[in-house]
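S.K.: Fold the following for me, if possible:
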Amino acid sequence: MMALDKVYEQVVERNPGEEEFHQAVEEVLDSIEPAMKKHPEFADAKIVERLVEPERQIIFRVPWTDDNGEVHVNRGFRVQFNSAIGPYKGGIRFHPSVYIGIIKFLGFEQIFKNALTGIAMGGGKGGSDFDPKGKSDDEIMRFCQNFMNELYRHIGPDTDVPAGDIGVGGREVGYMFGQYRKLLNRFEGVFTGKSPEWGGSLVRPEATGYGLVYLTQEMLDTVNEDLKGKEVLISGSGNVALHALEKCNELGAKVVTLSDSDGTVYDPEGISGEKKDYVFDLKQVRRGRIREYAEEYDVEYEDDCKPWGFDADIALPSATQNEIEEEDAQKLVDNDIIAVGEGANMPSTPKATKVFQKNDILVGPAKAANAGGVSVSGLEMAQNSQRESWSFDQVDKRLQGIMQNIHKTCYETSKKYGDEGNLMLGANIAGFVKVAKAMLDQGVI
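M.R.: Next comes the predicted model:
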């Protein structure tokens, strides 16, 4: 559709150098043409033109002092992308690669992901180019406090509710929430991913990984397959990867790989039992490197290698964006992979996605497959509003139901718009139509 091509050209022109954001916009625009034809009122109201422009972009300096008294200056970001269906909701990422283009890509994706959950949450994202690796607890605390000294002005339980992301876990959320509480003298549900001792929800640390596996099982059900007995490739070894590993084990699958930025371990016997406990301690407590697992259990380790060349049935990319390139996708196809569940945000390049689609591989797109984390964040917001705390089983059951509904919505939408089983098209159109209708109802603002 010429009008959508023009919108994309304007996005590239107005946001030079922001390649990840361009890619995210292009993926959505490539999918929503059938919805635009069905709803000409969206074009009349310039919904797409408004949707690709954030409602607000905040960039600020973050000075902080290290343990030797030296002052450092980092840059902080918060992009409040769209609040048509609820307060902005999205994580905060601390990583040297963070710049405004990464934050806009993540915030744009968050609009549609949040819409799919069925919970009233808009899309936003934040972060900093601060690198927490190698920093002491005191240095991280000072950075988080100074980051919040600016961000507190722009967030609130009914305005914008951040959470964690890469480089931001419970420790960082605690430091930021503590500073927010001190500055405003209010204890309120402004962050999710908090400790259960002071307002956090059970299952939140596990939610993205568990949700990824729940949605992958829903995909497999459509072709009369089951996770039980399947071999699984998982990339990454952070929160998403480890809890996907845990849930795969529970459901009878065998996970044979994990990775980090240094390389990949391949354990054909499966990473379970004592080995699973070891890798959780290695990564979540000792913060070591994945090669230590290979040394401990005498299994194959390859430096500077991704998992996609090993034999398995299912791939769960859970590390970072664009980690599966075209040649990686072809390796997976050649090794008879039947399903890919995207645990990371936009882990497959456009060319890789085309390889999967050409070869009829089941693909759970990130907007759907990794929505478990923000879904339980929404449940945490509900618990905070009610001053309640739900049990692990209560939250996990709700998470399963949400992921089942997300898959059902994506599948039925793909069927409605003429490409049954194309969950990427289904996710993009379902999320877009929901947000577009809300924007239309609320006028040109």
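S.K.: Show the contacting residues for the nearest residue to residue 404 once chain neighbours are set aside.
M.R.: Distances taken as Cβ to Cβ, 6 or more residues apart in numbering place residue 218 nearest to residue 404, at 6.0 Å, with adjacent residues excluded. From N, CA and C alone the C-beta is placed, and that goes for glycine too. Contacts of residue 218 were listed using Cβ atoms under 8 Å, 6 or more residues apart in numbering, and they are 403-404, 407-408.
S.K.: Identify the residues contacting the nearest residue to residue 165 once chain neighbours are set aside.
M.R.: The shortest distance from residue 165 to any residue that is not its chain neighbour, by Cβ to Cβ, 6+ apart, is 3.2 Å, and that residue is residue 91. Counting by Cβ under 8 Å, 6+ apart, residue 91 makes contact with 106, 125-127, 162-165, 168, 193.
S.K.: Inside strands: which ones of the residues you listed?
M.R.: Within these, membership in strands is found for 125-127, 162-164, as judged by DSSP state E.
S.K.: Considering those, which possesses the most neighbours?
M.R.: Taking other Cβ atoms under 10 Å as the neighbour criterion, residue 125 ranks highest of the ones in strands among the contacts of residue 91 with 31 neighbours.
S.K.: ok, that one - contacts?
M.R.: Contacts here follow Cβ under 8 Å, 6+ apart; on that basis residue 125 touches 78-79, 81, 90-93, 103-104, 106-107, 110, 165.
S.K.: Quick check: the gap between it and residue 38.
M.R.: Applying Cβ to Cβ, to the nearest Å, one obtains 29 Å for the distance of residue 125 from residue 38.
S.K.: buried residues in stretch 160-171?
M.R.: Using 16 or more other Cβ atoms under 10 Å as the burial criterion, the residues of stretch 160-171 that qualify are 160-170.
S.K.: got it, and stretch 257-265?
M.R.: 257-260, 263-265.
S.K.: likewise stretch 39-48?
M.R.: By 16+ other Cβ under 10 Å, the buried positions in stretch 39-48 come out as 39, 42, 45, 47-48.
S.K.: one step back: tabulate the contacts of residue 125 (a markdown table), appending distance to residue 434.
M.R.: As requested, the contacts of residue 125 are exported to a markdown table (distance: Cβ to Cβ, whole Å):
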| residue | distance to residue 434 |
| --- | --- |
| 78 | 24 |
| 79 | 20 |
| 81 | 15 |
| 90 | 17 |
| 91 | 21 |
| 92 | 25 |
| 93 | 25 |
| 103 | 23 |
| 104 | 21 |
| 106 | 19 |
| 107 | 17 |
| 110 | 14 |
| 165 | 23 |
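S.K.: In helices, which of these fall?
M.R.: Filtering the contacts of residue 125 for membership in helices, criterion DSSP state H, returns 103-104, 106-107, 110.
S.K.: All the strands of the stretch 251-400 of the chain, in order from the start?
M.R.: The residue ranges that make up the strands of the stretch 251-400 of the chain, judged by DSSP state E, counting those that start in this stretch, are 254-259, 263-266, 300-303, 314-316, 339-341, 362-364.
S.K.: Give the rounded mean pLDDT of the fourth one.
M.R.: Predicted confidence along strand 314-316 averages 98 (mean pLDDT).
S.K.: For that strand, which outside residues touch it?
M.R.: The set of residues that contact strand 314-316 without belonging to it, under Cβ under 8 Å, 6+ apart, is 212-213, 216, 227, 230-235, 241, 244, 248, 253, 307-308, 324, 332, 337-343.
S.K.: Mind listing the strands that strand pairs with, and their directions?
M.R.: With DSSP bridges as the test, strand 314-316 is paired with strand 231-234 (parallel), strand 339-341 (parallel).
S.K.: Check the second one too.
M.R.: Strand 263-266 pairs in its sheet with strand 254-259 (antiparallel), strand 300-303 (antiparallel), by DSSP bridges.
S.K.: thinking again about what came up before, I'd like the buried residues of stretch 257-265 laid out as TSV, including pLDDT.
M.R.: Compiled in TSV, those are given as follows (pLDDT from 0 to 100):
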residue	pLDDT
257	98
258	98
259	98
260	95
263	97
264	98
265	98
